[in-house]
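Chemist: coords please:
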Amino acid sequence: MPAQGTVPAPRRSLTALTIVVAAAAASGALMFAYYAGVRAGAVHEIVSGTPAEARRVAFVREAPCPGGRCQTLWMGTTREDATQVGELIAGRESCEAVAWAKDGYRVGFLINGYQLRVFDAETRKSVTQVNMFEPDATPSSRIARGITFSQNGAAVTYDDCPRYTSGCKSGMAAVR
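Modeler: Residues are numbered from 1 along each chain as shown. Predicted structure coming up:
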């Protein structure tokens with residue numbers, strides 16, 4: 001015996017709605033990936049410094065390179081006329097601070113928290129490289145902070161601090 005009654009209307013297919021939602025999600029994911037890639041691939045200025053009594057600037061730029069992220073050291077009267085004075089080894093070196101002599105004659109870049117690379121501001125040439133203390137590991141468990149050049153630029157004072165805790169002590173190093 002045949003069944004009798006009303007037959008419900010055929011259900012609309014959710015396929016069209018599913019396609020629209022999937023396309024919107026894919027579009028959002030592509031935009032996120034694009035902006036993340038642009039941000040990751042951009043050149044960033046990560047640290048900079050200017051002297052108290054001179055018109056100069058020193059800064060560190062970071063950019064992507066085959067070994068990961070590479071940092072370069074720059075100096076100049078302004079950012080526009082700055083020239084690259086050094087390049088750090090990707091994955092092994094990083095600049096953590098820039099310190100100027102008060103008169104702007106010398107600048108030091110603190111590498112890996114313990115090594116100061118000093119440059120002459122006029123010639124933009126390397127003067128010396130000084131270990132503030134001997135590192136005990138990579139990265140060192142200690143870090144130099146608050147680097148200040150002496151009046152004649154022949155020495156620096158700093159705080160010798162544990163990297164991850166408090167308890168700094170004073171330190172001094174000859175630069176010449």
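Chemist: CA atoms for contacts and neighbours, from now on please.
Modeler: Fine.
Chemist: all strands for the protein, in order.
Modeler: Listed in chain order, the strands of the chain (DSSP state E) span residues 44-49, 57-65, 68-76, 83-87, 95-100, 106-111, 115-120, 126-131, 142-149, 155-162, 169-174.
Chemist: quick one: contacts for the residue nearest to the spatial centre of the chain?
Modeler: Compute the mean C-alpha point of the chain, and by Cα atoms, centre = their mean the closest residue is Ile46, 3.8 Å away. Contacts of Ile46 were listed using Cα atoms under 8 Å, 6 or more residues apart in numbering, and they are 59-62.
Chemist: circling back: among the strands of the chain, show me which one is buried the most.
Modeler: Of all the strands of the chain, strand 106-111 has the most neighbours on average by mean count of other Cα atoms under 10 Å, namely a mean of 26.
Chemist: Run the angle between that one and strand 68-76 for me.
Modeler: Between strand 106-111 and strand 68-76, the angle comes out at 170 degrees (axes from the mean of the first three to the mean of the last three Cα atoms, to 10 degrees).
Chemist: Sheet partners, orientation included, of strand 106-111?
Modeler: strand 95-100 (antiparallel), strand 115-120 (antiparallel) (DSSP bridges).
Chemist: Which among the ones you listed is found nearest to Thr165?
Modeler: strand 95-100 (17.0 Å; Cα to Cα).
Chemist: I figured Ser126 was touching Leu116, is that so?
Modeler: No: checked against Cα atoms under 8 Å, the pair Ser126 and Leu116 is beyond contact range at 11.0 Å.
Chemist: sorry, back to before: farthest-separated two in the contacts of Ile46?
Modeler: With Cα to Cα as the measure, no two of the contacts of Ile46 lie farther apart than Phe59 and Glu62, at 10.1 Å.
Chemist: Number of residues surrounding Glu93?
Modeler: Using other Cα atoms under 10 Å, Glu93 has 16 other residues around it.
Chemist: mind showing which ranges of this structure have poor pLDDT?
Modeler: Under the criterion pLDDT under 70, the flagged ranges of the chain are 1-3, 5, 7-14, 16-17, 19-23, 25-26, 28-41, 138.
Chemist: what's across from Cys95 in the sheet?
Modeler: Ile111.
Chemist: Isn't it up against Phe59?
Modeler: No: Cys95 is not in contact with Phe59 according to Cα under 8 Å; the separation is 9.6 Å.
Chemist: Just list whatever residues bridge to Phe119.
Modeler: Val107, Ser126.
Chemist: so it touches Leu110, yeah?
Modeler: No: Phe119 lies out of contact with Leu110 (Cα under 8 Å); the separation is 11.6 Å.
Chemist: coming back round to it: can you put the strands of the chain in JSON lines and add distance to Ser27?
Modeler: Output for the strands of the chain, formatted as JSON lines (distance: least, Cα to Cα, whole Å):
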{"stretch": "strand 44-49", "distance to Ser27": "28"}
{"stretch": "strand 57-65", "distance to Ser27": "26"}
{"stretch": "strand 68-76", "distance to Ser27": "28"}
{"stretch": "strand 83-87", "distance to Ser27": "39"}
{"stretch": "strand 95-100", "distance to Ser27": "38"}
{"stretch": "strand 106-111", "distance to Ser27": "42"}
{"stretch": "strand 115-120", "distance to Ser27": "47"}
{"stretch": "strand 126-131", "distance to Ser27": "50"}
{"stretch": "strand 142-149", "distance to Ser27": "45"}
{"stretch": "strand 155-162", "distance to Ser27": "47"}
{"stretch": "strand 169-174", "distance to Ser27": "55"}
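Chemist: Nothing else from me, thank you.
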